[in-house]
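Undergrad: Show me how the following folds:
(4 chains)
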2 protein chains.
Amino acid sequence: MGTTQLETVPEPKYWHLKTVLSEALDSEFSVGEILPNERDLAARFGVARATLRQALEQLELEGRLQRRRGVGTTVAPPRVGVAVGTEQHVWPGAPGDAWQPVDCARTAVPAAVADALGTGRDEPVHTVRRSRTTHGRPVAAELLYVPSASVPDLSAIDTPSGPARARAVLRELQRLELEGRESAVELGSARADDARELDRLPGAPVLVVTTRYIADGRVAALSVATYRADTCRLTFGDSGGVEIHHGPHSRAS
Amino acid sequence: MGTTQLETVPEPKYWHLKTVLSEALDSEFSVGEILPNERDLAARFGVARATLRQALEQLELEGRLQRRRGVGTTVAPPRVGVAVGTEQHVWPGAPGDAWQPVDCARTAVPAAVADALGTGRDEPVHTVRRSRTTHGRPVAAELLYVPSASVPDLSAIDTPSGPARARAVLRELQRLELEGRESAVELGSARADDARELDRLPGAPVLVVTTRYIADGRVAALSVATYRADTCRLTFGDSGGVEIHHGPHSRAS
DNA sequence: CAGTGGTCTAGACCACTTT
DNA sequence: AAGTGGTCTAGACCACTGG
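TA: Residues are numbered from 1 along each chain as shown, chains lettered A, B, ... in the order given. Sure, this is the predicted structure:
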């Protein structure tokens, strides 16, 4: 009875497996190296493939691995830091921002978006699609919703569709005075269209950054940006992408 | 040949299932309601339990469901917004912050933490454990690393251990002048100890917020805060917890 | 084409909570 | 004890990539 609480809890196999693999990745593999295939790995560890996959899934979630169908499993590079909260209050599309306009449409929007914008449910808004890349790799896809009221001088008829129109909308936005910005980050899973753009499978974990741009006391624009959760570390504060080695998630305590 | 690209892609069963369930949640269930158990649901939809679980997993990841072993699956309330980037530059532990000191130890730290702090690998630092709750529910667990150099006047011998000592360390911190703060958010999975504190299973998805507090040109403290990804929406900017209904992840486009 | 990861099945047992 | 979600198995087939 004088014994300290004995660890009677049998650790799940996949959890233990994950630890073992994680240590092996640190010591025996280098970035970009490809691991043995899942069937071999499972056999080597004496577990079913599904169990092995459960461990790999977590490691991928933590950004340690990258798996591609038809290709294999590789050791992922450290996550890249992408700045999302630059202190300067600027509109999207301001010179030097990291986004590239892709397209623009004028459509009805999801109810949640309409509510956040304070527009009517069926009132069409400009929907600008943009994408963001780092080191040549796509890291985020954005939908920017701009109510017509925010860009009153836009001649909708003249401007062509596609990137040019997107740029026109962004240009008009700059004319407003930006009063503030409110952002939120949450976990989500990639919709089919975002997944395609991010070079991932639908349902892949993403960090969704929702930003409301305030001008004239209203929400003048709403941005919903979808970042790859496996490869990105979102930074905000004074500086952009300073290194903290690897994230401290799931290390042995 | 003149046909537009026919959707020859068969949507995975679990993906379709997720959509169906998601719509059912919106229309036929209310927050807190318990769903039928997994075996029944699987039978009802004519799929294996594992497939059904794959759909439930994603819905839980998106904060739509909450599952507890031995109890059941319930409809989750909307995510709570928790502020992580208040504009005021204040030290952790400043009056009115949302955290509660739990414990404090003086230990060696993980290599990644030592590197970020700029201390030696085996140099012990004060490690303060704090927890954060909202509406009575635990939402985050934090480890705050404070090098001895940041709190030189702390009499390590006199102060008792536990919360009192944690408060003493925090109190000493306030005496430094805070010059800046850099934060980053990334996806991780809960370590065993964090999981226990967050009332989740080990490996549960979490949002890891790493913050470096700068004073005197050095990193004076490093905070690693682990937020429940299923229940939290991290907000930063001017205001704290304004409502945007539900996150816009995984809605039909 | 062979080899990879992704999906799916039908079953078993375990850990946990509640009654 | 009964019922829940969590883990695990051993197999099958599919979708995709590359030579």
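Undergrad: wait, does the longest helix belonging to chain A make contact with DNA strand C?
TA: Scanning chain A for the helix with the most residues, using DSSP state H, yields helix A:13-28. No. Using C-beta under 7 Å from any atom of the strand, helix A:13-28 stays clear of DNA strand C, with a minimum separation of 11.1 Å. Using the backbone N, CA and C atoms, a C-beta is placed for each residue, glycine as well.
Undergrad: Now residue A:207: closest residue in space, sequence neighbours ignored.
TA: Leaving aside its chain neighbours, residue A:207 sits nearest to residue A:227 (4.4 Å; criterion: C-beta to C-beta, 6 or more residues apart in numbering or on different chains).
Undergrad: mind listing what the one you found touches?
TA: Residue A:227 makes contact with A:82, A:84, A:139, A:140, A:206, A:207, A:208, A:209, A:234 under the criterion C-beta atoms under 8 Å, 6 or more residues apart in numbering or on different chains.
Undergrad: Confirm that it sits in a helix.
TA: No. Going by DSSP: H, G, I helix; E, B strand; the rest coil, the assignment for residue A:227 is strand, not a helix.
Undergrad: The residue in the stretch 51-200 of chain A positioned nearest to DNA strand D sits in which helix or strand?
TA: At 2.4 Å from DNA strand D, residue A:70 is the closest residue in the stretch 51-200 of chain A, using C-beta to the nearest atom of the strand. Using DSSP states H and E, residue A:70 sits within no helix or strand.
Undergrad: how close does it sit to residue B:195?
TA: Residue A:70 sits 35 Å away from residue B:195, going by C-beta to C-beta, to the nearest Å.
Undergrad: Please say which of the two ends up with more neighbours.
TA: Between residue A:70 and residue B:195, residue B:195 has the larger neighbour count (other C-beta atoms under 10 Å in any protein chain shown), namely 19 against 4.
Undergrad: Show me what stretch A:43-60 is in contact with.
TA: Applying C-beta under 8 Å, 6+ apart, the contact partners of stretch A:43-60 are A:13-15, A:17-18, A:20-22, A:25, A:36, A:38-39, A:41-42, A:65-67, A:73, A:76, A:230, A:250, B:189, B:203.
Undergrad: Can you flag the buried ones in those residues?
TA: Neighbour-count burial (16 or more other C-beta atoms under 10 Å in any protein chain shown) applied to the contacts of stretch A:43-60 gives A:13-15, A:17-18, A:21-22, A:25, A:38, A:41-42, A:65-67, A:73, A:76, A:230, A:250, B:189, B:203.
Undergrad: pLDDT on stretch A:66-75, on average?
TA: The average pLDDT for stretch A:66-75 rounds to 96.
Undergrad: again with stretch A:204-212
TA: Mean predicted lDDT for stretch A:204-212 stands at 95.
Undergrad: Pull the distance from that stretch to the chain's centre.
TA: From the chain centre to the centre of stretch A:204-212 is a distance of 6 Å (C-alpha atoms, centre = their mean, to the nearest Å).
Undergrad: What would it look like as PDB? C-alpha coordinates only.
TA: Provided in PDB are the C-alpha atoms of stretch A:204-212 (Å, rounded to 0.1, in the frame of the first residue of the first chain):
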ATOM      1  CA  ALA A 204      -7.700  16.900 -44.700                       C
ATOM      2  CA  PRO A 205      -7.200  18.900 -41.500                       C
ATOM      3  CA  VAL A 206      -6.900  22.700 -42.100                       C
ATOM      4  CA  LEU A 207      -6.700  25.800 -40.000                       C
ATOM      5  CA  VAL A 208      -9.500  28.100 -40.900                       C
ATOM      6  CA  VAL A 209      -8.700  31.800 -40.300                       C
ATOM      7  CA  THR A 210     -11.800  34.000 -40.400                       C
ATOM      8  CA  THR A 211     -11.100  37.700 -40.600                       C
ATOM      9  CA  ARG A 212     -13.600  40.500 -40.500                       C
END
